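Colleague: what follows is a predicted protein model with its sequence.
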Amino acid sequence: MQPLLLKGVRRVFFAAMAVSILLVRADAATNIFAGELSAQVDAADGDYQISSQNSSWTFGGSLATVLKNVTTSRGEDNLGRYRQVSFEWQNSQMSESVGAGQSPVVQPMSGWIRIYDDRPVALFSQTCGAASDRPPPAFPAFTKLPGSLHVFSYARRTFAPPRFAANDTSTPWLLFDDQANAFIISPASHFMVASMMGDGHAEVASGFNPGLRNLPAGFMQETLVAFGQGINQTWDQWGDALRRLEHARRPSNEADTVLKYLGYWTDNGAYYYYNYDLTKGYAGTLEGLVDRYRQEQIPIHYLQLDSWWYYKTTTNPDGTPGAERKSNELPAGEWNRYGGLLEYKAHPFLFPNGLAGFHKAIDL
């Protein structure tokens, strides 16, 4: 009977050890729940994740350091009632002013994850505790993603063309599956210096443009994520949350002339973008176009004039020398270029009577 008794003691001992280990891990991991979402942070290693009950999706990442002062709280903002988990950490990075062989700069950081009672969205925030000459790493930076997701984003080029890929992208990003479960992520503040990183499969991260410099102490950046079932519904959920965060109101369909009425555009892609009837001139071509619309009883109320009518340089956006002409089919001139703006004034070759005279002639 003694061996059996010893075996039982061993079982109790190892079971007690397992319980002890589980208790330590449970103490390190902090969970919050609100609505259909839950969030978790692990103080021991800096891991964090957010999960949706409806889609059974979990997105996880790590700050790869110990978290301090982990606390939970409740509150209310423009999006409604929320649960929040807050924490602090230290970020080590090499400063541009640090010489070779010197230690990296330690930057104190604080942040939080906020989930809401009545909407399936979450807000991530990070704040620099001290001034920094370089931006901190992205937060959130999800490296654990659900499998078999499709990616939709916008290219980081003029007019941000949409595409089903995520390399060199602008924001926001959409991830979705074959059942139309969807996840949208975008910056929620400082949009002009924010940037998305990753490929949409191995990593999805929201951070800063790598060229950003000299962040002041207290600089805070936020990221918004939205879950949903149905692509359009999730876009609406994300858009409504972003408007509320920015205290923005969607205008009515009759807020101004462009929204209220039909008009004619001459922007990039339009027939009369850097193009006109050489026998009539640019002004004469557009005057004839307006007359034809009136004859056809098509009620246009305005005419949009794009980048072709004012004085420009031949310098490309990246600073390199550009072509002397935007269109080789048209006469040379300061207007027939595609560089930076020199003077926001109608070129007399195109509008001999100026924009005021042209406006009066078309009566729109």
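Modeller: That came in fine, so what should we check first? Residues are numbered from 1 along each chain as shown.
Colleague: for the residue nearest to Pro140 when sequence neighbours are not counted, phi and psi?
Modeller: The shortest distance from Pro140 to any non-neighbouring residue, by CB to CB, 6 or more residues apart in numbering, is to Phe124 (4.9 Å). (C-beta placed from N, C-alpha, C; glycine too.) The phi/psi pair for Phe124 (degrees, to the nearest 10) reads phi -110, psi 140.
Colleague: Phe124 contacts Ile113, doesn't it?
Modeller: Yes. Assessed by CB atoms under 8 Å, Phe124 is found in contact with Ile113 at 5.7 Å.
Colleague: of those two, who's got more company?
Modeller: Per other CB atoms under 10 Å, whichever of Phe124 and Ile113 has more neighbours is Ile113, with 26 against 23.
Colleague: go ahead and confirm that one touches Tyr82.
Modeller: No. The criterion here is CB under 8 Å, and Ile113 misses it with Tyr82 at 9.9 Å.
Colleague: joint contacts of these two?
Modeller: Common contact partners of Ile113 and Tyr82 (CB atoms under 8 Å, 6 or more residues apart in numbering): Leu123.
Colleague: which intervals of the stretch 1-150 of the chain have sub-threshold pLDDT?
Modeller: 1-27, 94-103 (pLDDT under 70).
Colleague: could you pull out the strands for it?
Modeller: Counting by DSSP state E, counting those that start in this stretch, the stretch 1-150 of the chain has strands at residues 29-34, 37-42, 47-52, 57-62, 68-77, 80-93, 105-116, 121-128, 141-144, 150-155.
Colleague: now find how far off-centre the longest one is within its chain.
Modeller: Okay, so that is strand 80-93. Chain-centre distance of strand 80-93: 20 Å, with CA atoms, centre = their mean, to the nearest Å.
Colleague: next: the shortest one.
Modeller: Averaging C-alpha positions (CA atoms, centre = their mean) puts strand 141-144 16 Å from its chain's average.
Colleague: can you list the strands that it pairs with?
Modeller: Partners of strand 141-144 in the sheet, by DSSP bridges, are strand 57-62 (antiparallel), strand 204-208 (antiparallel).
Colleague: hang on, the earlier thing: need the strands of the stretch 1-150 of the chain in a markdown table with distance to Phe176, can you?
Modeller: Output for the strands of the stretch 1-150 of the chain, formatted as a markdown table (distance: least, CB to CB, whole Å):
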| stretch | distance to Phe176 |
| --- | --- |
| strand 29-34 | 23 |
| strand 37-42 | 17 |
| strand 47-52 | 13 |
| strand 57-62 | 11 |
| strand 68-77 | 27 |
| strand 80-93 | 25 |
| strand 105-116 | 21 |
| strand 121-128 | 16 |
| strand 141-144 | 15 |
| strand 150-155 | 5 |
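Colleague: right, and these - which one's nearest Leu215?
Modeller: strand 121-128 (5.4 Å; CB to CB).
Colleague: in contact with the residue lying closest to Gln229 once chain neighbours are set aside, which residues?
Modeller: Among residues not flanking Gln229 along the chain, Asn181 sits closest, at 5.8 Å (CB to CB, 6+ apart). The contact partners of Asn181, taken as CB under 8 Å, 6+ apart, are 54-55, 57, 227-229.
Colleague: same thing with Leu174?
Modeller: 151-153, 182-184, 231, 234-235.
Colleague: looking at those residues, spot the one nearest Pro321.
Modeller: Ser153 (31.8 Å).
Colleague: ok, now how distant is that closest one from Pro120?
Modeller: 21 Å (CB to CB, to the nearest Å).
Colleague: stretch 147-163 spans what distance, first to last residue?
Modeller: 20 Å (CA to CA, to the nearest Å).
Colleague: how about stretch 145-162?
Modeller: End to end - CA to CA - stretch 145-162 spans 22 Å.
Colleague: now that stretch, how far from the chain's geometric center?
Modeller: Worked out by CA atoms, centre = their mean, stretch 145-162 lies 11 Å from the chain centre.
Colleague: what does stretch 275-289 give?
Modeller: In terms of CA atoms, centre = their mean, the centre of stretch 275-289 is set 41 Å apart from its chain centre.
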